[in-house]
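> got a predicted structure here, sequence first:
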Amino acid sequence: MMCGAVDCQCKEHYLSQKSPHIVLMVSIQEEHRPHRTLLLYDGECRFCRRSALMMAHGAGERVRILPAQSGAGTSYGICADRRPNEVTLIENNGKILHGAAAIFRLMNLQGSRAGELLWWFYRKVGIFRAFAEWGYRIIARMRHIIP
């Protein structure tokens, strides 16, 4: 059964159907973690859609790449009705990365040698991390005018 935009199983239990008193209903929701890593992007942005297509080419079955507007990230606090300012990567262990970190981690997960190196530099070299995030923010602000 679907509960909003999140896949979950809803079980309704009624304590007493025959009682003249108030019928109490308890709903138990069991959220299922994604079995694959999930990348969410701005599906309304042409640059983002093209970038997602390129990323999906190397991702294969390991990563689901969906627009944030699909509602797939609502259980992680990502609203489907707002345009995101950055890409979000939700790993199958629940770890959430944004921006440049998400891009480098995705490249690493795809098995790219360059991605492995960039991910290592991002985690270990503070000046590289700061520069990468700064560059990501510039591109994110200009993404609507980039052809």
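Perfect, thanks for sending it. Everything numeric in this text was worked out from a predicted model, so none of it was measured.
> how close does N93 sit to L38?
Distance, N93 to L38, using C-beta to C-beta, to the nearest Å: 12 Å. In short, each C-beta sits where N, CA and C put it, glycine included.
> which of those two has more neighbours?
L38 (21 against 7; other C-beta atoms under 10 Å).
> quick one: low-confidence ranges for the chain?
Counting by pLDDT under 70, the chain shows low-confidence ranges at 1-35, 59, 79-83, 147.
> can I get the helix ranked longest in it in PDB? Just the C-alpha atoms.
Assignment by DSSP state H gives helix 126-142 as the longest helix of the chain. Written as PDB, here are the backbone C-alpha positions of helix 126-142 (Å, rounded to 0.1, in the frame of the first residue of the first chain):
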ATOM      1  CA  GLY A 126      40.400  20.400   2.900                       C
ATOM      2  CA  ILE A 127      41.500  23.000   0.300                       C
ATOM      3  CA  PHE A 128      40.400  20.800  -2.500                       C
ATOM      4  CA  ARG A 129      37.000  20.200  -0.800                       C
ATOM      5  CA  ALA A 130      36.500  23.900  -0.400                       C
ATOM      6  CA  PHE A 131      37.400  24.700  -4.000                       C
ATOM      7  CA  ALA A 132      35.200  21.900  -5.300                       C
ATOM      8  CA  GLU A 133      32.200  23.100  -3.300                       C
ATOM      9  CA  TRP A 134      32.800  26.700  -4.400                       C
ATOM     10  CA  GLY A 135      33.000  25.600  -8.100                       C
ATOM     11  CA  TYR A 136      29.800  23.500  -7.600                       C
ATOM     12  CA  ARG A 137      27.900  26.500  -6.200                       C
ATOM     13  CA  ILE A 138      28.900  28.700  -9.100                       C
ATOM     14  CA  ILE A 139      27.700  26.100 -11.600                       C
ATOM     15  CA  ALA A 140      24.500  25.500  -9.600                       C
ATOM     16  CA  ARG A 141      23.700  29.200  -9.700                       C
ATOM     17  CA  MET A 142      24.300  29.400 -13.400                       C
END
